[in-house]
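Chemist: structure for this input, please:
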Amino acid sequence: MVMDSTQIAVSPSLVAAARTRASFDWSESVIVVPAVLALLAVVSFLFVDLPLGAWVKVGSFPDGIDKFLEASEHFGTFYGHVLIFLLIFAMDPAHRRNLVRLGAAAWSAGLATNVIKLLIARTRPKYHDFASLASGHGFLGFAPGLPGGSRIQGFPSAHTATAVGFAVALAHVYPRGRRVFYLLAGLVGLQRIATSSHFASDVLAGAAVGWLVGVAFTSSRVGRRFDSFETSAP
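Modeler: Take a look at the predicted model:
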């Protein structure tokens, strides 16, 4: 039997096109998604925040939905992440090194939003006086620092940012589960609105921050450093 050793020629233009598509996909994820989220946050600020916030503050969801959303919240908390990390550590030894990236992406997203909270003061819906026109949309000014505490640290949602950053990193490690991860991140945002902890625009802004941080830990120079760490011999 004679084996054909002829090399298959690959057109340089095809290689260049493939690289262009890959680059475009990365640029699209960096720019388009947070841009859309930011636009939706502006629309929500103008037309949705006050009526939805007022409705949620005086209303309540059925008990089953409340419990489901309450459980979903932990996809955006440190405690929920620890439980997921324990599962990955026990059931998927090949991805144990990825835990560093997963934690860094999630918690860096939350830290970024907490810094913004210290720079921009906004009342949470549960403390907002919807009957007073003077209350406006709840923004109280810039650089308020720590005075006022959590009551005026509503913008943006750190839970949502953490959940989205975590979802982006998880989708990088486990691509087949990306739809579930993004769904869980969305449920975290919904829970923050349902509990009157954040206006809808706070959640959308948090999601934009979480996406940017998550992509930074998966597709940028920082992401490539994690790639090297995860593929190196233990």
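Chemist: pull the CA atoms of the helix or strand hosting H81 into PDB?
Modeler: Using DSSP states H and E, H81 maps to helix 78-91. The C-alpha coordinates for helix 78-91 follow below in PDB (Å, rounded to 0.1, in the frame of the first residue of the first chain):
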ATOM      1  CA  PHE A  78     -18.500  33.800  47.000                       C
ATOM      2  CA  TYR A  79     -20.300  31.000  48.900                       C
ATOM      3  CA  GLY A  80     -22.000  29.700  45.800                       C
ATOM      4  CA  HIS A  81     -18.700  29.700  43.900                       C
ATOM      5  CA  VAL A  82     -17.000  27.700  46.600                       C
ATOM      6  CA  LEU A  83     -19.600  25.000  46.300                       C
ATOM      7  CA  ILE A  84     -19.200  24.900  42.500                       C
ATOM      8  CA  PHE A  85     -15.400  24.800  42.900                       C
ATOM      9  CA  LEU A  86     -15.600  21.900  45.300                       C
ATOM     10  CA  LEU A  87     -17.700  20.000  42.600                       C
ATOM     11  CA  ILE A  88     -15.200  20.800  39.900                       C
ATOM     12  CA  PHE A  89     -12.300  19.800  42.100                       C
ATOM     13  CA  ALA A  90     -13.900  16.500  43.000                       C
ATOM     14  CA  MET A  91     -15.400  15.500  39.600                       C
END
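Chemist: contacts for it?
Modeler: For helix 78-91, contacts defined as Cβ atoms under 8 Å, 6 or more residues apart in numbering pick out E73, H74, H95, R96, N98, L99, L102, G103, A106, W107, F166. To be clear about C-beta, it is placed using only N, CA and C from the backbone, and glycine gets the same treatment.
Chemist: make a ChimeraX selection of the buried ones in those residues.
Modeler: Entered in ChimeraX, the line below selects the buried ones among the contacts of helix 78-91, by 16 or more other Cβ atoms under 10 Å:
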select :73,74,98,99,102,103,106,107,166
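Chemist: okay, and which of the contacts of helix 78-91 map to helices?
Modeler: Counted as lying in helices by DSSP state H, out of the contacts of helix 78-91, are N98, L99, L102, G103, A106, W107, F166.
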